[in-house]
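> Predicted coordinates and the sequence they were generated for:
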Amino acid sequence: MNKLIILLTLLFSITLFAQKVEVKGQIKDNQNQEVPFASIVFKSFKDSSKIFGTLGDENGNFIIEIPKDHYNLEISVVGIEPKIIELDLRDKKSTLNMGIITVSSEVSLDEVVVKGNKTTYKVDLDKKTYNVSQDIVAKGGTLTDVMQNLPSVQVESDGNVSIRGDQNVRILVDGKPSGLASSAELFATIPASSIEKVEVITNPSSKYSAQGTAGIINVVLKKGQKKRFNSSLEVFTGYRLTGGVNYNIAQSGETGSWYANAGIGYSEPKAVNDIFLKSPNNIPDISTQESDRIRNQYYYLINIGGTKNFNENSSLSGSLTYRGAQSDNSNKTFYEDFNEGSLFSSLNRNENEDETNNFINGNISFDHKFKKEGHQLSFTASGEYTEGDEDAVISSIETFPLSQTLNQDDTKNEEKISRYVLSTDYTLPMKNNYTFELGYRSDLSSIENDFSVERQSGNMTFIIPEFTDKTDYDEKVHAFYGQLSKKFEKLSVNVGLRTEISDIDISSQTNNFSNSKNYTDWFPSVFLNYTFNEKSKIQFSASRRINRPRSWMIVPFSTFTDERNIFIGNADINPSYVAATELSYTTKLSNKFSFYPTLFYRNTSDEMEFFVEKQQITIGSETQDIFVSTIANIGDYTAYGTELGVSYKPFNWWNMYGEIVLNGFKQRGSFRGASFDGDGLLVSGRYNTTFNFFKSMKFQIQSYYRGPIETGQYRRKGFYSMNIGISNDLFKGNGSIAFNIRDVFNSNKRLVTTFGPDFTRDLELQYRVRQINLSLTYRFNQKKHKGKKGNQYDNFEIIN
């Protein structure tokens, strides 16, 4: 009997110990300012034999799940005495909200300088975050360089991006649309030093706009840090010739904050485009084309903003952003035509282009927090205007069989985009851990595009009507959403429904064409999140999304650089719809090793795909063969696969992150008699590693691989690229110097073969050749709160 009693007592004790409680709170100082990255440690009250810990986030919030027991809670911040609170959690419920915990600030935190590094990659169940400040390779670069290192993201041959092979990505800057028709143009005008972080959301909930079947990329610009004045200056140069200056400044206090980012730069990126064309039974039967494009570009950015705190619960924020670029571009193309092995003709086509882009955005928002925690209301209004002008002079000079100037083309492209967004969001916490969210968004946009080609041939000057058009595009989208979430002990559930009412009008003043499309769509979403323990979580998500055609897909013409290969927009294209599901798991196997597997499935209807065909077009009195590319709804597309991310820190001075994506696909469809049926597997992966030497020096390697793929009319070969960078701290940690090489082996090229009934076309495209950069950064007033730098105790467990 005594043995039985002892056994039952032991089992009861184990059961009690296995029961856990979730403790959360927020750390503030005695001036009611959030204290970031405080150390939160729970030590067993009796003998400190059991120790659990975590770190507060940048806003002072912390949350941790620990066994029910009697503890001393120790809160530590560099520069002040630790605060110790006795907590008896043995009889507590499953959750304890400690609210605001105040620590003393008698010793000035600003007098303490502690150097810490943020994690480069942060992987959560709902999004992945890339901290740009840790990217040595992006120093002296732009958002283009940052995009190449984002988890799940690939930079395509035209400079735009895709997520897991899908280019239907919604790009946001500080949560707002980018304002440029081409994301490649946006990426080239935002300095990397002005970016705080980039967030990748692969399967957004109904709260987000339904646009973007692949997901959302949100670029967050720098806005300063809590309760301090800080600024930094970066100067950079490099080869191919590049150079510039970026300056960031910010001030935060009790009543509000303000910030400003400014940058100006110059670059000469070079792109290479080679084509080899086989056309059996035609004259000529083989054609080659070699093109070099150099952009001599000045770009500049000014971003200012601030927040006014009326009290603890209400604030008004505003921002104003201006981006601009001026380019003097040159494009030289050399054509050679062969017939039965002999040179048939040769031609030089030289383009000189002046390009100007200007973008301005204004944003204002009001946020109010009610007395109950989590109960809040926000209003946001924004407006933006983009204007782009391209004027080009293109001369065609025959070099064989005769040497003569054939013609000169003057092209003009003027585009104006205006956009206005009004939104409101309301969050209401309810009893029993329910939360209800409600919102409205109105998005009004207008695009005017005017493109013309004037040809001079001999003594004649005439407009080419086949390549001249003025298009107007108006889009109005009104959206409503509602979400209900419930949190259980370990399970949280979120269900939402969004409806979007779209009203679209397209008209061509030149061709007397008009088309209107009106549709109402419903976009449900479901998220299930389960926490196994302190280190492991799993999430299932399902949503429906839309991909509305972008302006460049609709506008008939935008360039006449290559008169043999042109793109013509499709004003009658319909949106695509996708049903997406994901199963994501995150686990921290040890303080050194974390594992992030994801399974995904997407089914797309009315998939938009590029289509290429050879057409005969008469220009003046001459009829010539031209390869015309357009965008079309070709049918259904299904993508499925797995994404595996791994982070490993074998030593304090060595960090690694690896990722591999296996993306299977099935495509069924046709357009104009061409079949787009196909099945295949796309393999891609990346590996990033950072070494820390001598406490002040870092060395970074970034590599990326994308495997071959064949689908529809296309077959693309695989490729591999690598970037390296090294940085060293200067001026007692207030400055740094960085050197990097992007595309070390000059191998970041796309090799694509296109098939047609009577042709085979091989294309080799390199969007940007190898780049070498050197940058110098100096940071003013870098005294700060304690930064996150890893474990501070030898024998306790860090819980994320």
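Good, I have the coordinates. Nothing here was measured: the structure is a model prediction, and the numbers come from that model.
> Read off the pLDDT value for residue 443.
Note on residue 443: pLDDT of 94.
> Grab the nearest non-local neighbour of it.
Using CB to CB, 6 or more residues apart in numbering and skipping the chain neighbours, the partner closest in space to residue 443 is residue 477 (4.5 Å). Where C-beta positions appear, they are placed from N, C-alpha and C, glycine not excepted.
> Wait, that neighbour touches residue 440, no?
No: here residue 477 lies out of contact with residue 440, judged by CB atoms under 8 Å, at a distance of 11.6 Å.
> These two: which has the busier surroundings?
Neighbours were counted for residue 477 and for residue 440 using other CB atoms under 10 Å; residue 477 has more, 21 against 13.
> for the stretch 401-550 of the chain, what spans make up the strands?
404-429, 434-457, 460-463, 469-487, 491-508, 513-531, 536-547 (DSSP state E, counting those that start in this stretch).
> which of those strands is buried the deepest?
strand 536-547 (a mean of 20; mean count of other CB atoms under 10 Å).
> Could you report the neighbour count for residue 467?
Neighbourhood size, residue 467 [other CB under 10 Å]: 21.
> With residue 779 as the reference, measure out to it.
Going from residue 467 to residue 779 by CB to CB, to the nearest Å gives 51 Å.
> Would you map out the domains in the protein?
Domain ranges of the chain: 2-108, 246-774, per automatic domain parsing.
> can I get those domains in CSV with distance to residue 221?
CSV is the format used below for those (distance: least, CB to CB, whole Å):
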stretch, distance to residue 221
domain 2-108, 16
domain 246-774, 6
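> What segments of this structure are helices?
Assigned by DSSP state H, the helices in the chain fall at 2-18, 143-147, 183-187, 551-554.
> CA atoms of the shortest one as PDB?
What follows is helix 551-554, C-alpha atoms only, in PDB (Å, rounded to 0.1, in the frame of the first residue of the first chain):
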ATOM      1  CA  SER A 551      -1.700  47.900 -66.500                       C
ATOM      2  CA  TRP A 552       1.200  46.600 -68.700                       C
ATOM      3  CA  MET A 553      -0.900  43.600 -69.500                       C
ATOM      4  CA  ILE A 554      -3.700  45.700 -70.900                       C
END
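> From residue 599, how far off is residue 524?
Taking CB to CB, one finds residue 524 at 20 Å from residue 599.
> can you pull up the bridge partners for residue 602?
Beta bridges link residue 602 to residue 580, residue 639, judged by DSSP bridges.
> Quick check: residue 349 touching residue 398?
No: counting by CB under 8 Å, residue 349 stays clear of residue 398, with 10.2 Å between them.
> So for these two, which sits in the more crowded spot?
Just comparing residue 349 and residue 398: by other CB under 10 Å the higher neighbour count belongs to residue 349, 21 against 15.
> Phi and psi next, for residue 747.
Per-residue torsions, residue 747: phi -110, psi 0 (degrees, to the nearest 10).
> Compute the distance between it and residue 769, please.
From residue 747 across to residue 769, the span is 11 Å (CB to CB).
> Compare these two (neighbour count), which wins?
Taking neighbours as other CB under 10 Å, residue 747 and residue 769 compare with residue 769 leading, 16 against 12.
> Confirm for me that that one is in contact with residue 745.
No: applying CB under 8 Å as the test, residue 769 and residue 745 come out as separate, 11.4 Å apart.
> How far off centre is stretch 623-638?
Centre-to-centre, stretch 623-638 and its host chain are 28 Å apart (CA atoms, centre = their mean, to the nearest Å).
> in that stretch, what counts as buried?
Burial within stretch 623-638, assessed by neighbour count using 16 or more other CB atoms under 10 Å, is assigned to 626-627, 630-635, 637-638.
> now stretch 729-736
For stretch 729-736, a neighbour-count test (16+ other CB under 10 Å) marks 729, 734-736 as buried.
> can you give me the mean pLDDT across that stretch?
Averaged across stretch 729-736, pLDDT comes to 85.
> how long is that stretch from one end to the other?
Using CA to CA, to the nearest Å, the end-to-end distance of stretch 729-736 comes to 4 Å.
> Burial check on the residue nearest to residue 219 when sequence neighbours are not counted, number of neighbours?
Nearest-residue entry for residue 219: residue 173, 4.8 Å, with adjacent residues in sequence omitted and distances by CB to CB, 6+ apart. The tally of other residues near residue 173 (other CB under 10 Å) stands at 23.
> Can you list the residue ranges for strands in the stretch 201-350 of the chain?
215-221, 229-239, 242-252, 256-267, 270-278, 286-309, 314-339, 342-369.
> Looking at those strands, which is nearest to residue 722?
Among the strands of the stretch 201-350 of the chain, the nearest to residue 722 by CB to CB is strand 229-239 (17.2 Å).
> Which strands and helices lie in contact with that closest one?
Applying 3 or more CB pairs under 8 Å, 6 or more residues apart in numbering; DSSP states H and E, one finds that strand 229-239 contacts strand 242-252, strand 771-780.
> Nearest to residue 519, out of those?
strand 242-252 (43.5 Å).
> what's the angle from the closest one to strand 215-221?
If you take axes from the mean of the first three to the mean of the last three CA atoms, to 10 degrees, strand 242-252 sits at 80 degrees to strand 215-221.
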